[in-house]
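K.L.:
Need the 3D shape of this:
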Amino acid sequence: MMRLYWPTLLLSILPHTSNSEAGICHVQSTPPMVAPQTLVNGKWTVGEALPSDMEVQDVFGCCIPVDEQSCGMKPAVIGKMPQFTTTDTLDVLENAKTAWNGGMGDWPKMGLKNRINAIETLLEELMHKRSEIVEILMWEIGKNQPDAESEFDRTISFARQLIQVIQTHPEFGAAKWTSLGSTRTFIKRAAVGIILCLGPYNYPLNETYATLLPALLMGNVVILKIPTVGGLVHLLTMEAFQKALPPGVINFVAGRGRSTMPPMMQSGVIDGLAFIGGSNAADSLIKDHPRPHRLKVFLQLEAKNMAIYLEDLFTQENRKALDNAIKETVLGSLSFNGQRCTALKQIFVPREHSAIVASMLVQEVEALRVGLPWQTFQGDKYSQITPLPDQSRVTYMQQLIEDALLKGAKIMNTNGGEIIGGAQSTLMVPAVLYPVTPEMRVYHEEQFGPVVPIAEYDTLDQILAYAREGKYAQQCSIFTAGGSNYDAQRALDSLVNIFGKVNINSQCGRSPDTVPFSGRRSSAMGVMSVLDALKEFSIPTVVSYKDSDDSLSQKIVEDLEQTSQFLQPVL
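P.N.:
As a prediction, the model looks like this:
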């Protein structure tokens, strides 16, 4: 019999001031305004210089206070996005074809050293835009200032790590001739072709650049489809790209997906697809390609990551381990409002201890600061729960919550699921749902928002069956007190054959960027890391000759080494 370290724990919940509307309507804020702009074939065009017949569309950001008395809020217009037609899109595709030129364009033939120099120039130019990019991340997708700054800085750091790997790794800039019997070989990675890159709204800079920059460095030509939500940040980068890269190496396409994506894929010109988003959209894009067998595909898709609490946590001597599990679960579930593919989206707890865990999670959730992205509490502490990017996300969260309530779950925290600021606001108080059962949608669907579902289990076999039979397989987290725990060992040895990453006593996550980030089933195709991303967007390419008594081949190779860009070392 396990001994609980407290005799009873009431499930009563006290209101917390962070969930109150008090103070939110008094936050002073002035929305930014990003002018519409395009970058096509090296030409950067802004505002009134755009073609007169090009449609532009208002972009709405987070809620701002409009009425202090009633605390009403509404979305603010913070920029304008060009809307490409099918004709515009096909013109972009022609520019990309010219820049690639069947692999013989200036950029793919350029030496690695020169491409690195160009990307370093890009990074320098982007640094000048840091404050603007941080501001728009706050206003458009609701990221608080520390998180927005972290996203920008991590992106620059990722790029610099890419460059370091290219300079020193034997598959890239440090490639050398080797002997294999009578054959001398030089193996170095080269470009794939024209890459269509689509990034997500939740990390529009970091996750997009985690595919875009490796693709560019390896000599590919890139077409970047700007996302409908989270797209303004890409407008702010266009000038930097125009200054750093040759014409046509990168082109931006903005507008409705139906007008832009199918024509490019149906052309058969796209050689690689880098897509971070939903699996249904990825399937549709791949099916549009007339020769999918030759399409290089890199996908980072959905996930329903589990937190698994093991029985050994619930003893007096293991209080510290349980406290850590609660802390990591809240971080994993609600960092950036749960809008991360790596978020913990299903919490499994032994049935006899589930009420205790629900109460502990409620206490932590109610202590979170709920407010606007630029709002601070107690001087320098920013909001931890911020507005969702648009009403569609709010509607989906409400549908999942309502379905769970109808089927027996309860919202455990005060004001959970409520919207602060009126009907047009998207600032949602997190909802802790308990108990969640297999009949409920949220048990199976990825919420991608501030909903924390707690499910009970009786045996570890139930958890393993959920993992084995699920649609997604990105990551999971096992929380245990350690020691010679058979359940922990059994869970680990079973789950490593299902998920791309198993975390012990910590939330799921992508970092550090040097570690492979992968997934199985409908969660991913391809591996993301500093090294793996470079490999995903390149092909091992071999130059060889016969090493014989005849010195002619050796002399030819020595001459080529002096002039060939491909054979040149980086350092």
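
K.L.:
Now do the contacts for residue 201.
P.N.:
By C-beta atoms under 8 Å, 6 or more residues apart in numbering, residue 201 lies in contact with 141, 227, 228, 229, 230, 231, 389. C-betas here are computed from N, CA, C, even on glycine.

K.L.:
ok, now residue 363?
P.N.:
Contacts of residue 363 by C-beta under 8 Å, 6+ apart: none found.

K.L.:
mind putting the contacts of residue 201 in JSON lines, neighbour count and pLDDT included?
P.N.:
Converted to JSON lines, the contacts of residue 201 look like this (neighbours: other C-beta atoms under 10 Å; pLDDT from 0 to 100):
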{"residue": "141", "neighbour count": "32", "pLDDT": "96"}
{"residue": "227", "neighbour count": "23", "pLDDT": "96"}
{"residue": "228", "neighbour count": "16", "pLDDT": "93"}
{"residue": "229", "neighbour count": "18", "pLDDT": "94"}
{"residue": "230", "neighbour count": "23", "pLDDT": "95"}
{"residue": "231", "neighbour count": "24", "pLDDT": "97"}
{"residue": "389", "neighbour count": "24", "pLDDT": "94"}
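
K.L.:
could the residues you listed go into CSV alongside distance to residue 535 and secondary structure?
P.N.:
Listed next are the contacts of residue 201 as CSV, based on distance: C-beta to C-beta, whole Å; DSSP: H, G, I helix; E, B strand; the rest coil:
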residue, distance to residue 535, secondary structure
141, 30, helix
227, 25, coil
228, 30, coil
229, 30, coil
230, 27, coil
231, 28, coil
389, 32, coil
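
K.L.:
Residue 60 belongs to a helix, doesn't it?
P.N.:
No - applying DSSP: H, G, I helix; E, B strand; the rest coil, one finds residue 60 to be strand, outside a helix.

K.L.:
surely it meets residue 75?
P.N.:
Yes - under the contact definition of C-beta atoms under 8 Å, residue 60 touches residue 75, with a separation of 3.9 Å.

K.L.:
Quickly list what's touching both of those two.
P.N.:
residue 390.

K.L.:
Let me see the mean pLDDT of stretch 500-515.
P.N.:
Stretch 500-515 comes out with an average pLDDT of 96.

K.L.:
Quick check: buried residues in that stretch?
P.N.:
Residues of stretch 500-515 classed as buried by neighbour count (16 or more other C-beta atoms under 10 Å): 500, 501, 502, 503, 505, 507, 508, 509, 510, 513.

K.L.:
wait, what's in contact with the fifth one?
P.N.:
Residue 505 makes contact with 321, 324, 325, 328, 477, 478, 479, 480 under the criterion C-beta under 8 Å, 6+ apart.

K.L.:
wait, isn't residue 443 in contact with residue 433?
P.N.:
No - at 9.7 Å, residue 443 does not count as touching residue 433 under the criterion of C-beta under 8 Å.

K.L.:
In terms of packing, which of the two has more residues around it?
P.N.:
residue 433 (27 against 20; other C-beta atoms under 10 Å).

K.L.:
I'd assumed residue 412 was in contact with the more buried one.
P.N.:
Yes - here residue 433 reaches residue 412: they are 7.4 Å apart, a contact under C-beta under 8 Å.

K.L.:
returning to that earlier point: which one of the contacts of residue 201 is nearest to residue 423?
P.N.:
For these, the residue nearest residue 423 by C-beta to C-beta is residue 389; the value is 16.7 Å.

K.L.:
OK, contacts around the closest one?
P.N.:
With C-beta under 8 Å, 6+ apart, residue 389 has these contacts: 62, 140, 141, 142, 201, 229, 230, 426.

K.L.:
what secondary structure does the fifth one sit in?
P.N.:
It refers to residue 201. coil.

K.L.:
Between which two of the buried residues of stretch 500-515 is the distance greatest?
P.N.:
Every pair of these checked by C-beta to C-beta; the farthest is 505 and 513, at 21.6 Å.

K.L.:
Can you work out which residues contact both of residue 443 and residue 433?
P.N.:
By C-beta under 8 Å, 6+ apart, residue 443 and residue 433 have these common neighbours: residue 453.

K.L.:
Show the residue spans covered by the helices in the stretch 101-250 of the chain.
P.N.:
106-109, 112-127, 130-141, 145-168, 206-217, 232-235, 238-244 (DSSP state H, counting those that start in this stretch).

K.L.:
Buried residues of the first one, list them for me.
P.N.:
Buried positions in helix 106-109, judged by neighbour count with 16+ other C-beta under 10 Å: 107, 108.

K.L.:
about what we covered before: closest to residue 380 among the contacts of residue 505?
P.N.:
Looking across the contacts of residue 505 and measuring by C-beta to C-beta, the closest to residue 380 is residue 328, at 24.1 Å.

K.L.:
pretty sure that closest one belongs to a helix, no?
P.N.:
Yes - judged by three-state DSSP, residue 328 forms part of a helix.

K.L.:
contacting residues around it?
P.N.:
307, 477, 479, 505, 506, 507.

K.L.:
Could you pull out the strands in the stretch 201-350 of the chain for me?
P.N.:
Counting by DSSP state E, counting those that start in this stretch, one finds strands in the stretch 201-350 of the chain at the ranges 221-225, 250-253, 272-276, 296-300, 305-309, 344-350.

K.L.:
Near the closest residue to residue 166 other than its chain neighbours, how many other residues are there?
P.N.:
Excluding its sequence neighbours, the residue lying closest to residue 166 (C-beta to C-beta, 6 or more residues apart in numbering) is residue 172, at 4.4 Å. By other C-beta under 10 Å, the residues close to residue 172 number 22.

K.L.:
The closest residue to residue 454 other than its chain neighbours is in what secondary structure piece?
P.N.:
Nearest non-adjacent residue to residue 454, counting by C-beta to C-beta, 6+ apart: residue 434, 4.2 Å away. In the assignment (DSSP states H and E), residue 434 maps to strand 431-436.

K.L.:
now the contacts of residue 505 in TSV, with pLDDT and distance to residue 571?
P.N.:
Converted to TSV, those look like this (pLDDT from 0 to 100; distance: C-beta to C-beta, whole Å):
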residue	pLDDT	distance to residue 571
321	97	47
324	98	44
325	98	46
328	98	41
477	98	41
478	98	43
479	97	45
480	96	46
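
K.L.:
Narrow these to those in helices?
P.N.:
Here DSSP state H is the test, and these give 321, 324, 325, 328 as lying in helices.
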